[in-house]
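Colleague: My questions are about this predicted structure, shown below with the sequence.
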Amino acid sequence: MKASELRTKGADELQKELSELMKAHFSLRMQIATQQQSNTAQLRKTRRDIARVRTVMNQKATAK
């Protein structure tokens, strides 16, 4: 997911995207903890996507 794609979305869409990413991040953490997930790089990717979404949300909030 790119920041340019996120900037075209509205506030509601960004909030929905953030909640989906948070759920996915929690699920990945649980899978890694129970040894069901061996690809730990996905955890890093979701964490960075969450940061991207929050950054764009903060940029839009301060621009108003």
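Modeller: It's in.
Colleague: surely residue 42 meets residue 28?
Modeller: Yes: between residue 42 and residue 28 there is a contact at 5.7 Å, judged by CB atoms under 8 Å. Where C-beta positions appear, they are placed from N, C-alpha and C, glycine not excepted.
Colleague: per-residue confidence averaged over stretch 31-45?
Modeller: Averaging pLDDT along stretch 31-45 gives 92.
Colleague: Check stretch 19-28 too.
Modeller: 97.
Colleague: Pull out the buried residues from it.
Modeller: 21, 24, 25, 28 (16 or more other CB atoms under 10 Å).
Colleague: residue nearest the centroid of this protein?
Modeller: residue 50 (2.6 Å; CA atoms, centre = their mean).
Colleague: which stretch of helix or strand covers that one?
Modeller: Using DSSP states H and E, residue 50 sits in helix 41-63.
Colleague: Go through that helix and flag the buried ones.
Modeller: In helix 41-63, counting by 16+ other CB under 10 Å, buried: 43, 46, 49, 50, 52, 53, 56, 57.
Colleague: and the nearest residue to the fourth one once chain neighbours are set aside, what does it touch?
Modeller: Ranked by CB to CB, 6 or more residues apart in numbering and with sequence neighbours excluded, the top spatial neighbour of residue 50 is residue 21, at 4.9 Å. Listed by CB atoms under 8 Å, 6 or more residues apart in numbering, the contact set of residue 21 reads 46, 49, 50, 53.
Colleague: Pick the one among those closest to residue 11.
Modeller: Residue 11 lies nearest to residue 53 out of the contacts of residue 21, by CB to CB, at 11.2 Å.
Colleague: check contacts around that closest one.
Modeller: Going by CB under 8 Å, 6+ apart, residue 53 touches 6, 14, 17, 18, 21.
Colleague: What does the pLDDT read for it?
Modeller: So, for residue 53, pLDDT stands at 97.
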